[in-house]
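[1] attaching a predicted model along with its sequence, questions to come.
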Amino acid sequence: MGTDRFDGKHFEGGRNSWDPPRNAVVWTPSDDTDLPFVSTAFQVMAAEDLKVTMANGTIVTIPGDCLAAGAQYSAQLKRIWDTDSGASHTSVLVWGPD
């Protein structure tokens, strides 16, 4: 099983966190449904607040002034929330393992 070089923990799917993504989905933020996989990266279409649940269960709202529309960010996410996310986040491009 792969090992994440940053925290020494196993990475979802037995791959390393620095391996390129092998899956993608355009996701509609939801307060009730987790992503179909733990992400390796995400891309937003607007620079607005984005509420997420990290792979470890921590819930955080990323301020819109920290996000650039069209930029890709590495992150292990389990959920992208509708509530407390900007109105323009009708979809988020998410990459992940198999």
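    Sure thing, it's come through.

[2] quick one: low-confidence parts of the protein?
    1-19, 98 (pLDDT under 70).

[3] nearest residue to the middle of it?
    Leu77 (3.8 Å; Cα atoms, centre = their mean).

[4] ok, that one touching Thr53?
    Yes. Taking contacts as Cβ atoms under 8 Å, Leu77 lies within contact range of Thr53: 6.8 Å. C-betas here are computed from N, CA, C, even on glycine.

[5] OK, contacts around the nearest residue to Leu50 once chain neighbours are set aside?
    Sequence neighbours aside, Ile62 is the residue nearest to Leu50 in space, at 4.8 Å (criterion: Cβ to Cβ, 6 or more residues apart in numbering). Each residue near Ile62 by Cβ atoms under 8 Å, 6 or more residues apart in numbering is listed here: Asp49, Leu50, Lys51, Val52.

[6] and the gap between the first one and Ile62?
    It stands for Asp49. 7 Å (Cβ to Cβ, to the nearest Å).

[7] Three-state assignment for Val26, please.
    strand (DSSP: H, G, I helix; E, B strand; the rest coil).

[8] wait, it sits on Thr90?
    No. Here Val26 lies out of contact with Thr90, judged by Cβ under 8 Å, at a distance of 9.8 Å.

[9] burial measure for Tyr73, as a count.
    15 (other Cβ atoms under 10 Å).

[10] wait, Glu30 sits on Lys78?
    No, residue 30 isn't Glu; it's Ser. No. Applying Cβ under 8 Å as the test, Ser30 and Lys78 come out as separate, 11.7 Å apart.

[11] out of these two, which sits in the more crowded spot?
    Lys78 (18 against 13).

[12] so what's the residue nearest to Thr33 when sequence neighbours are not counted up against?
    Excluding the flanking residues, the one nearest Thr33 by Cβ to Cβ, 6+ apart is Arg79, at 7.5 Å. Contacts for Arg79 (Cβ under 8 Å, 6+ apart) come out as Ser30, Thr33, Asp34, Leu35, Val52, Thr53.

[13] before I go, just wanted to say thanks for your time.
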